[in-house]
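[1] I would like the atomic coordinates for the input below:
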Amino acid sequence: MIPDFVTHYYLPDRTPFRSLSELEEPLLTELMRELIAQRHQGRHHRLFGRTYMDMRRIVEARLYRKFVEAGGRPERASPHYFVLGESAWFGGLAPGMREVRLSPTPTASRPWRWLPNSDCLTSPVPTTA
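    A predicted model of the protein is given here:
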C-alpha cells in the first residue's frame, strides 16, 4: 500500500525546511564544518564528504531542469527533501530526530496540512492556490 503522507526529517537543534543548497560561502563552509564536528561528537550519523555539495548541486540542477521540462513551475531553486511514508533510517540519523508529516496530495478542499502526529513546533507551511 502506498503511504498517504510524506515525511521531512530534521536535526533536533534545527528548524525544518532549511536547505544547505540555499547557503552561500562562507556560511556553507562554516555549517558543513559544524555538521562534520557534530558527527564526530556522535550527535548525528549523517556523512558529508568532500564532494557532497558538488554532487548535490548537480542532482538538484538536473531535477529542476526535468521538472521544468515536464511543465512544472518551481517556486524554489532547490527542493525540500521528503520521504514517502516514513524511514527508520532517516529517523535514526540523530538522537531525537524531528519530523514533519504532510499529506502528499493538496487540493482546493484539502491544501497541504500538518498531520496530527507531527512533532514540529513551528508554524505550518503556507498554502498556495
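
[2] Which residue, other than its chain neighbours, is closest to the spatially most central residue of the chain?
    Among the residues of the chain, Tyr81 comes closest to the average C-alpha position under C-alpha atoms, centre = their mean, at 3.3 Å. Nearest residue to Tyr81, sequence neighbours excluded (C-beta to C-beta, 6 or more residues apart in numbering): His8, at 6.7 Å. (Glycine included, C-beta is placed from N, CA and C.)

[3] and that neighbour, which of the three is it?
    Secondary structure, DSSP: H, G, I helix; E, B strand; the rest coil: His8 is strand.

[4] unless I'm mixing things up, it is touching Arg98, no?
    No - with contact taken as C-beta atoms under 8 Å, His8 and Arg98 are classed as non-touching, separated by 9.1 Å.

[5] one step back: the residue nearest to Tyr81 bridge partners, please.
    Val100 (DSSP bridges).

[6] Kindly tell me how buried it is, as a neighbour count.
    His8 has 19 neighbours, counted by other C-beta atoms under 10 Å.

[7] list the contacts for it?
    Applying C-beta atoms under 8 Å, 6 or more residues apart in numbering, one finds that His8 lies in contact with 16-17, 80-82, 99-102.

[8] switch the cut-off to 10 Å
    16-17, 80-83, 90, 98-102, 118, 120, 125 (C-beta atoms under 10 Å, 6 or more residues apart in numbering).
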